[in-house]
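>>> Output the structure for:
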Amino acid sequence: MTATVTYVIEGSEVTGLARFFELFGEAVNGPGGYFGRNLDAFADCLGGGFGTPDDGSFTIEWRDHALSARALGHEETARRLEALLPRVHPANRARTERELAEARAGRGPTLFDVLVEIITDRTAPGTLRLR
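I've put the predicted structure just below:
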């Protein structure tokens with residue numbers, strides 16, 4: 001039986017989405033380690049081949065996740081959408097503008113929600129442990 005590897009994210013160190021990616025990369029691959037720099041790349045990395053065990057036997061312990069939830073809340077979500085808006089495909093512009101309006105109003109899913117969803121969708125049940 002393979003031992004399960006645990007990757008620890010210190011939620012108190014998450015100050016925004018870029019910092020989350022840095023922390024996760026370092027947790028998996030050591031100082032300066034890469035594990036995605038955007039949501040799509042992060043999801044791809046969770047699929048394997050970027051430092052996690054090939055058999056998927058790992059856990060993610062996200063400590064002080066409530067602090068991360070605040071840092072990755074509606075304000076950070078709006079900032080990300082504002083940065084994406086100039087580059088978004090015209091077919092997706094109206095949807096992105098609606099999502100931005102919702103985030104600015106403090107409604108809708110946050111980046112924290114999206115990250116949790118990506119992790120739970122891309123890993124085995126019970127992999128994510130919010131502490």
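
>>> Now the spatially most central residue of the chain: which helix or strand?
For the chain, the residue nearest the mean C-alpha position is residue 115 (3.5 Å; C-alpha atoms, centre = their mean). Following DSSP states H and E, one finds residue 115 within helix 111-122.

>>> Am I right that residue 56 falls within a helix?
No: the assignment for residue 56 by DSSP: H, G, I helix; E, B strand; the rest coil gives coil, which leaves it out of any helix.

>>> need the contact list for it.
By C-beta atoms under 8 Å, 6 or more residues apart in numbering, the contact list for residue 56 reads 48, 123-124, 127. Just so you know, the C-beta spots here come from the backbone N, C-alpha and C atoms, and that holds for glycine as well.

>>> Relative to residue 37, how far out is it?
To residue 37, residue 56 is 22 Å away according to C-beta to C-beta, to the nearest Å.

>>> before we move on, what about residue 108?
Look at residue 108 and residue 37: by C-beta to C-beta, they are 23 Å apart.
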